[in-house]
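**Q** Fold the following for me, if possible:
(one chain, ligands or ions: 1)
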Amino acid sequence: MNVIVANDYKEMSQTASQMIEEQITEKPDSVLGLATGGTPLGTYHELIKGYHEGRADYSLLSTINLDEYVGLAPEHPQSYRHFMDQHLFRLINIDLENTHIPFGKTEDLEQECSRYEKVIDQIGPPDLQLLGIGENGHIGFNEPGTSFDSETHIVHLTDSTREANARFFESMEDVPTKAITMGIRSILKSRKIILLASGERKAEAILQLIQWELDEQFPASSLKSHDDITLIVDKDAYKKVQRKG
Ligand code: GLP
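**A** You can find the predicted model right below:
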């Protein structure tokens, strides 16, 4: 695992956006795997800036997002489709037809999961997958205990994940209880993976990621079986590792 420790959130975001721009320059029709949450927002901001400065052209790019809340329509302000449109897709020259996110408002969840896994196989796998990490080590919405062999599936969100994401909703009751997520096996199909973490809130998860062997109780540890992982963390998120070292 390649580890880059950035001074702060801005430097972490710039490092990640540079790697993404290099990927697109090298292969303009790349497939990017994308994540939501607060952590990648700075990276998306840098990509938008780079687009305006002529550093990258997104016209041939395709994207595959990790997950979506069950029950939220694409136009719902807290849906991940809305998040991606608002924070990235509508601000660069990507063709929205080439952006893929599970459909959370479906009547048939199982069918939506298999449709999405087919999308991953037909369009993907991603050349480059961007990941955040939950405080309990989840990636995508793969909560502790998820099989490393999993493909796109439905998850019941843990209370801690719902609480961590409640800040985006008006009240705790509004936070969905289920989500559709790419599975661990689907994520590991990506050729290259970048995991971002920022702030002290993630320090324990980063320490566990560095220390733990493969263990389904800590989903991010699955990344240790991949041969092209770059961890880009800021100093606060790396604090506990440095203290141990
Ligand atoms: C959510 C997302 C994950 C994300 C995690 C961390 O649960 N499904 O993909 O990595 O939150 O979010 P944040 O970056 O806001 O800390």
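**Q** quick one: the residue nearest to the spatial centre of the chain from the ligand, how far?
**A** Central residue of the chain (Cα atoms, centre = their mean): Ala35, 2.6 Å from the mean position. To the ligand, Ala35 is 5 Å away according to Cβ to the nearest ligand atom, to the nearest Å. All C-beta spots, glycine's among them, are computed from the backbone N, C-alpha and C.
**Q** Next up, the contacts around that residue.
**A** Ala35 is in contact with Asn65, Leu66, Leu130, Leu131, Gly132, Gly140, counting by Cβ atoms under 8 Å, 6 or more residues apart in numbering.
**Q** neighbouring contacts of the helix or strand where the third one lies?
**A** Counting by DSSP states H and E, the secondary-structure element that holds Leu130 is strand 128-131. Counting by Cβ under 8 Å, 6+ apart, the neighbours of strand 128-131 from elsewhere in the structure are 16, 19-20, 23, 30, 32-35, 40, 43, 66, 139-140, 187, 190-196, 223.
**Q** Next secondary structure after it?
**A** Counting by DSSP H and E, the next helix or strand C-terminal to strand 128-131 is strand 153-156.
**Q** I'd guessed Gly199 sits against Asp236; true?
**A** Yes. Between Gly199 and Asp236 there is a contact under Cβ atoms under 8 Å: 5.0 Å.
**Q** any idea how far the closest residue to Met1 other than its chain neighbours is from Lys202?
**A** Counting by Cβ to Cβ, 6 or more residues apart in numbering, Ile229 is the residue found nearest to Met1 once chain neighbours are left out, at 4.9 Å. As defined by Cβ to Cβ, to the nearest Å, Ile229 lies at a distance of 16 Å from Lys202.
**Q** neighbour-wise, which of these two wins?
**A** Neighbour totals were compared for Ile229 and Lys202, and Lys202 leads with 24 against 20 (other Cβ atoms under 10 Å).
**Q** excluding its backbone neighbours, what's nearest that one?
**A** Sequence neighbours aside, Ala237 is the residue nearest to Lys202 in space, at 4.4 Å (criterion: Cβ to Cβ, 6+ apart).
**Q** gap between that neighbour and the ligand?
**A** 10 Å.
**Q** Just the buried positions in the host helix or strand of that residue, please.
**A** Using DSSP H and E, Ala237 maps to helix 235-244. For helix 235-244, the neighbour count (16 or more other Cβ atoms under 10 Å) marks Lys235, Asp236, Ala237, Tyr238, Lys239, Lys240, Val241 as buried.
**Q** quick check, nearest of these to Thr99?
**A** Taking Cβ to Cβ as the measure, Thr99 sits nearest to Ala237 out of those, at 28.2 Å.
**Q** before we move on, back to that, got the contact list for the residue nearest to Lys202?
**A** Neighbours of Ala237 in contact, by Cβ under 8 Å, 6+ apart: Ala197, Ser198, Gly199, Glu200, Lys202, Ala203, Ile206.
**Q** same check, this time on Ile194
**A** Here Ile194 is in contact with Ala16, Met19, Ile20, Leu128, Gln129, Leu130, Leu131, Ile229, Thr230, Leu231, Ile232 (criterion: Cβ under 8 Å, 6+ apart).
**Q** Skipping its backbone neighbours, what lies nearest Leu214 in space?
**A** Per Cβ to Cβ, 6+ apart, closest to Leu214 is Ser221, 5.4 Å.
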